[in-house]
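Novice: what shape does this take:
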Amino acid sequence: MYRNVFGGFIRREKHTSLSLADVMHTRAKGSYAETRGCEYLRERGLRIIDRNIYNRFGEIDIIALSKDNVLHCVEVKSAETYEQAINNITPSKLQKLNRTLQTYLQQKQLHFDYCIDALIVTKEGIEWIENITL
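Specialist: Residues are numbered from 1 along each chain as shown. So this is what the prediction gives:
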């Protein structure tokens, strides 16, 4: 694990079974990446609470709860390369994620510590970047 530019941590792990080339449409590719992301998080002991949360501020791809009761709001980005995917997480996107998460927590009346994470899904594997911040 090492620090990334956002101040979070990156865990690099290779998953060779991932084949984005087989998925043709953008929406299908995104759904496939999110499903693979859920599997990845479950393998690491997180419980998936919700998926594809929409409100007037934006969308959250995955909401998961860790064993230590930290809520993880996860943005899934898929692309051919890590650089292409990570560059799609902009400060504006992070603000939207935070607003969407705040609204979700209020509506569900949830009182957990939380963080915003990213899962970068490429043909080489999946990288989990924890606690990305502005």
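
Novice: run through this structure and note the low-pLDDT ranges.
Specialist: 1-26, 134 (pLDDT under 70).

Novice: could you pull out the helices for this structure?
Specialist: Assigned by DSSP state H, the chain shows helices spanning 26-43, 82-86, 91-108.

Novice: can I get these in a markdown table including mean neighbour count?
Specialist: Just so you know, the C-beta spots here come from the backbone N, C-alpha and C atoms, and that holds for glycine as well. Converted to a markdown table, those look like this (neighbours: other Cβ atoms under 10 Å):
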| stretch | mean neighbour count |
| --- | --- |
| helix 26-43 | 17 |
| helix 82-86 | 16 |
| helix 91-108 | 15 |
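
Novice: now render those as CSV, adding distance to Val76.
Specialist: Output for those, formatted as CSV (distance: least, Cβ to Cβ, whole Å):
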stretch, distance to Val76
helix 26-43, 5
helix 82-86, 9
helix 91-108, 12
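
Novice: which stretch among these comes nearest Asp117?
Specialist: helix 26-43 (9.0 Å; Cβ to Cβ).

Novice: which elements pack onto that closest one?
Specialist: Where contact means 3 or more Cβ pairs under 8 Å, 6 or more residues apart in numbering; DSSP states H and E, helix 26-43 is packed against strand 47-55, strand 58-65, strand 70-78, strand 113-122, strand 125-130.

Novice: what does stretch 44-59 rub up against?
Specialist: Applying Cβ atoms under 8 Å, 6 or more residues apart in numbering, the external contacts of stretch 44-59 come out as 34, 38, 41-42, 60-67, 71-72, 93, 96-97, 99-100, 103-104, 107, 128.

Novice: and that stretch, what's buried?
Specialist: In terms of neighbour count (16 or more other Cβ atoms under 10 Å), stretch 44-59 has its buried residues at Leu46, Ile48, Ile49, Arg51, Ile53, Phe57, Gly58.

Novice: and that stretch, C-alpha only, in CSV?
Specialist: The C-alpha coordinates for stretch 44-59 follow below in CSV (Å, rounded to 0.1, in the frame of the first residue of the first chain):
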residue,chain,number,x,y,z
ARG,A,44,-12.0,-8.0,1.3
GLY,A,45,-14.7,-8.4,4.0
LEU,A,46,-16.9,-5.4,3.1
ARG,A,47,-20.7,-5.8,3.0
ILE,A,48,-22.5,-4.2,0.1
ILE,A,49,-25.2,-2.0,1.5
ASP,A,50,-26.5,-0.3,-1.7
ARG,A,51,-25.7,0.2,-5.4
ASN,A,52,-26.5,2.9,-8.0
ILE,A,53,-27.8,5.5,-5.6
TYR,A,54,-29.3,8.5,-7.5
ASN,A,55,-30.5,11.9,-6.2
ARG,A,56,-30.5,15.4,-7.4
PHE,A,57,-26.8,15.9,-6.7
GLY,A,58,-25.5,12.8,-8.5
GLU,A,59,-24.9,9.1,-8.3
